[in-house]
Every structure is written in C-alpha cells, then in structure tokens.
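Participant: turn this into a model:
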Amino acid sequence: MLDNKGFDLWADGYDKSVGLSEESNVYPFAGYKDVLGYIYEVIRSKQKDATDRSAVLDIGFGTATLTSKLYEQGCDVYGQDFSSRMIELAQEKMPEAKLYQGDITQGLVPELCEQKYDFIVGTYSIHHLNDEQKVVFIKELLGLLNDGGKILFGDVAFETREMLEQCEVGEGLRWDEDEIYFVVDELKAHFPGIKYVPKSYCSGVVVIEK
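Facilitator: Presented below is the predicted three-dimensional model:
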C-alpha cells in the first residue's frame, strides 16, 4: 500500500493512470467516470438553485477530479487527504476550499469535525480502512451530516462476499491484497438503510442517508 510519500510521487500522473484503467474497463477503475458522475448528479440534484451552497466534505480527494466540478457549481468544499502534493494540486483548482492533510486511519482532523455537511463523499479512498475501521469512521461521519444529508462512497465494492471473491479470482495477480473493499451486505447490520448502486463489474456507489 502506498504511503503519503508514494501518493506524492504518483500525484502528477494519477489522473492519467486512472484514465487508462477506466478506458480499458479493467479493475480497479472500471466504471470510474460513471461512479463520479453519479455522485455529482446526486449532489447537483439537491441544489435548489444557483445560490444554494451545499457543504461537501471529500475524504481522500486526490487531485479533486470530482470536487473541483462541485466547487465550480458553488458548493463549499472541505477535504482531507494524506498527500501534500495532492493537496497542492487540488488547492490550485479550488482556491477557497478548506483542505487539510491527515491520515483517515486516524480519523478526521479536528478542523473538519467542527463543521456540518450536506454531503460527505469519498472516491477510491475508503478501501484503506479495514472493515472494523469503516464502521467506526462511518458512524463518526454520520454525526457530522445535516438532517437529510448523504454519505456517498464510490469505490471498488460488492453487494456480497461471494461477488468479491469471484472478482478476486478473476483478477488473479492484478488483485490488490492491501486494499479492503466494501461488502455492502456485511454493513447492513450497522447501517440498515445502506444502499449500493453498481457501476461496473467491480465498482459502484455506497449510499448512506441520515
């Protein structure tokens, strides 16, 4: 698994490498554009008009491929990423966004816990948490949502453990053993209203509403 220095080195070529995987419709970024597009449309559909400044927290925003578009549409963007280079690239696109460096395995930085959000998103970042950490982290995030707010996680994800295992076998040596992917059925005991919107054979959007 890459550490923050590894992501710093990857930052400038990140969008290109993601694009190659997405265009070839292969793991792990098959469906990437559809994943981001779905999250974007959900948030935009909730904005009442051009003056509606929804507060959006992006967990692991990377180069801000998604949130820079929301920023352009008037959203107030907050974010946490553990790569200083990713933050530099994202801040160039979103000068007024409030972006902080921090490792999500240690939770959110204190500054972000002082806010309330209409949407909390994460794209291809929450797989750095193990299953137990996911539950704890999501519960923390739910406490930061405004009533009616939504958590939207786009990632490599599966409805069942069997579907994950089938994909793992199919990918063989390409499968990343260091990443822990969503199995939505296994989270229903903690979050009964959880929903999953598949976007490719290995990815989709996990939705939890407050």
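
Participant: going by C-alpha atoms from here, please, whenever you check contacts or count neighbours.
Facilitator: Will do.

Participant: what is the burial count for Ile120?
Facilitator: The number of residues packed near Ile120 is 24, by other C-alpha atoms under 10 Å.

Participant: neighbouring strands for the host helix or strand of it, and are they parallel or not?
Facilitator: Element membership for Ile120, per DSSP states H and E: strand 117-123. Note on strand 117-123: by DSSP bridges, its sheet partners are strand 55-59 (parallel), strand 145-158 (parallel).

Participant: could I get those strands as JSON lines with mean pLDDT and distance to Pro95?
Facilitator: Putting these into JSON lines (pLDDT from 0 to 100; distance: least, C-alpha to C-alpha, whole Å) gives the following:
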{"stretch": "strand 55-59", "mean pLDDT": "98", "distance to Pro95": "15"}
{"stretch": "strand 145-158", "mean pLDDT": "97", "distance to Pro95": "24"}
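
Participant: how distant is the strand holding Ile120 from the center of its chain?
Facilitator: Remark: strand 117-123 is offset 8 Å from the chain centroid, using C-alpha atoms, centre = their mean, to the nearest Å.

Participant: other residues contacting it?
Facilitator: 36, 39, 43, 54-61, 141, 144-155 (C-alpha atoms under 8 Å, 6 or more residues apart in numbering).

Participant: in that strand, what's buried?
Facilitator: For strand 117-123, burial by neighbour count (16 or more other C-alpha atoms under 10 Å) applies to 117-123.

Participant: hang on, the earlier thing: which stretch among the strands paired with strand 117-123 is buried most, on average?
Facilitator: Of all these, strand 55-59 has the most neighbours on average by mean count of other C-alpha atoms under 10 Å, namely a mean of 25.

Participant: identify all contacting residues around it.
Facilitator: 67, 75-81, 104, 116-123, 125-126.

Participant: kindly export that strand (C-alpha atoms) in PDB.
Facilitator: Written as PDB, here are the backbone C-alpha positions of strand 55-59 (Å, rounded to 0.1, in the frame of the first residue of the first chain):
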ATOM      1  CA  ALA A  55     -21.400  21.900   2.100                       C
ATOM      2  CA  VAL A  56     -19.400  19.000   0.700                       C
ATOM      3  CA  LEU A  57     -16.700  17.100   2.600                       C
ATOM      4  CA  ASP A  58     -14.400  15.000   0.400                       C
ATOM      5  CA  ILE A  59     -12.400  12.200   2.000                       C
END
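
Participant: mean confidence for the helix or strand following it?
Facilitator: Next in sequence after strand 55-59, counting helices and strands by DSSP H and E, comes helix 67-72. Helix 67-72 carries an average pLDDT of 92.
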